[in-house]
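> Here is my input; please provide its structure:
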Amino acid sequence: LTGFHSKLAFDYEHSDRISVLAGAEIIQRDLSQTLVDTESFIQGFDEQVAASFVEAEIFASSSLGFKVGIRGANSNLKKDFHLDPRLSAAYKTGENSQVSIAYGQFQQAASRQVLFGNQQALNEKAEHFIANYQWVRKGQSFRVELYEKRYQQLSRFSNVFDPTSFLFDGNGYARGLDLFWRDNKTFKNTDYWVSYSYLDTERFYRDFPGSFVPTFASTHNFSWVVKTFISDLKSQIGWTYSFAS
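Residues are numbered from 1 along each chain as shown. You can find the predicted model right below:
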């Protein structure tokens, strides 16, 4: 595997209420592998992806702001061009708090294994819907987030026993809740944070014969981290507890 990634971005502030971020990037990767059995078999691909993006940040008032953006990309392998919009809005509900919502479309290339067998493989797609509330003041912060993600065009084997033949009609979803609390104010020389996440997800992809929970996903995740700083020793003591269902 050889390749490079080059990115150039520009930021323009039209006024205190309007700013624009724009840019472009080029991604190139050259992959090849040699399989040796009774004889050598070489396969691979050379891909170049050219992309551009623009995002505007607009403040309607001191309490309400928006971000509107779009990203376009083209791959020489599939010779296709696609546009992905992203939108978000945030409203300040108090001196230390705000709520926000966001929507975005995303794409990524199929895995190397798929592209070795089919260089015309469709990109895998995702739609994200996110709602967020956060409260922040000096030394303390709290965040809660709800999300739903929908997946389309996931790569899957057309035959469970034939990993060289693929279809691109796989799908899936992920929805859940994230909670986070951090505090380095209440207890002297102590910083701690607690997080919890709930995840409901299924995929119909790869060699799955139907829609199932992927092996990397756990429904409940909990973490508690504590750090105490001992100034006389210029040291710290840390403690971590984590749980995953």
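
> What is the subsequent helix or strand relative to the lowest-mean-pLDDT helix or strand in the chain?
Within the chain, no helix or strand scores below helix 112-117, which has a mean of 80 by mean pLDDT, DSSP states H and E. Counting by DSSP states H and E, the next helix or strand C-terminal to helix 112-117 is strand 124-137.

> what bridges to residue 141?
Beta-bridge partners recorded for residue 141 (DSSP bridges): residue 136, residue 182.

> cool, residue 230 as well?
Bridge pairing for residue 230 (DSSP bridges) gives the partners residue 235.

> and residue 166, that's in a strand?
Yes. With DSSP: H, G, I helix; E, B strand; the rest coil as the criterion, residue 166 is part of a strand.

> List the contacts of it.
By CB atoms under 8 Å, 6 or more residues apart in numbering, residue 166 lies in contact with 110, 114, 117-118, 121, 155-158. C-beta here means a position set from N, CA and C on the backbone, and glycine is covered the same way.

> if you set the cut-off to 10 Å instead, what comes out?
By CB atoms under 10 Å, 6 or more residues apart in numbering, the residues touching residue 166 are 110-111, 113-115, 117-118, 121-122, 155-159, 206.

> Grab the most central residue of this protein for me.
Residue closest to the average C-alpha location in the chain (CA atoms, centre = their mean): residue 106, at 8.9 Å.

> hang on, that residue packs against residue 125?
Yes. Using CB atoms under 10 Å, residue 106 is in contact with residue 125, at 7.2 Å.

> shared neighbours of the two, which are they?
Counting by CB under 10 Å, 6+ apart, the residues touching both residue 106 and residue 125 are 84, 151.

> how close does the residue nearest to the centre of the chain get to residue 126?
5 Å (CB to CB, to the nearest Å).
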